[in-house]
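**Student:** Show me the folded form of this:
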Amino acid sequence: MDIFDVIYLEHKIMDIGPPNWLKACFVPTKSDAFVVGFRKWLNEYAGSEVNWPTKLSSSPPPTPPREQLLDRYWSHVVNCSSCRVAIKGLNALEIVLQVVSVAAIGILAATKQSLMPVSARIAMVSMAVLCFAASRWLSHFLYKNFHFHDYSHALR
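**Tutor:** Below is the predicted model of the structure:
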């Protein structure tokens with residue numbers, strides 16, 4: 001279960017009422033037996049709530065935006081040496097592809113038409129376009145895999 005589902009269930013349980021928590025969520029697996037046992041114990045002996053020394057607000061805090069909840073960069077990438085190395089290398093590759101793209105167009109513009117055959121000019125333009133397209137694809141790949149990737153469980 002991911003953090004977005006936990007926050008959603010927290011709000012749903014508060015709407016339906018803590019004693020009726022089983023109506024708010026479905027816990028079908030054997031590994032959920034301890035959760036079910038704890039919640040039953042909490043309902044029976046503690047009135048469905050923990051008696052904290054200081055009274056807490058009965059409503060959960062507001063839900064942050066999905067992008068903040070599902071952030072991968074600050075929750076994982078900055079702490080993982082493999083991911084840090086990978087993102088640094090891929091960011092460098094993205095910059096190299098953009099520089100090659102601009103340099104190819106610059107070289108093409110700076111040379112006289114008579115010094116370069118048409119096939120070479122077409123190859124240079126094609127290379128520049130491909131490098132630029134690859135850098136844009138890489139940018140999207142980096143964001144989706146190392147920063148934020150939204151998804152819907154219903155669509156998978």
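**Student:** what helix or strand does A128 sit in?
**Tutor:** In the assignment (DSSP states H and E), A128 maps to helix 118-146.
**Student:** what is the mean pLDDT for that helix?
**Tutor:** Mean per-residue pLDDT for helix 118-146: 93.
**Student:** chain center to that helix, what's the gap?
**Tutor:** 24 Å (C-alpha atoms, centre = their mean, to the nearest Å).
**Student:** Now do that helix: which elements does it pack against?
**Tutor:** If you count contacts as 3 or more C-beta pairs under 8 Å, 6 or more residues apart in numbering; DSSP states H and E, helix 118-146 packs onto helix 81-110. The way it works is simple: take the backbone N, C-alpha and C, and place the C-beta from them, glycine included.
**Student:** Mind listing what's buried along the helix it packs on?
**Tutor:** C83, I87, L90, E94, L97, Q98, V100, S101, A104, I105, L108 (16 or more other C-beta atoms under 10 Å).
**Student:** Tell me which other helices or strands it touches.
**Tutor:** So helix 81-110, by 3+ C-beta pairs under 8 Å, 6+ apart, packs with helix 118-146.
**Student:** can you pull the buried residues of the helix it packs on?
**Tutor:** By neighbour count on 16+ other C-beta under 10 Å, the buried set for helix 118-146 is M124, A128, C131, F132, A134, S135, L138, L142, F146.
**Student:** roughly how far apart are the residue nearest to the fourth one when sequence neighbours are not counted and S126?
**Tutor:** Okay, so that is F132. Closest residue to F132 apart from its sequence neighbours, by C-beta to C-beta, 6 or more residues apart in numbering: S101 at 4.2 Å. Between S101 and S126 the computed distance is 11 Å (C-beta to C-beta, to the nearest Å).
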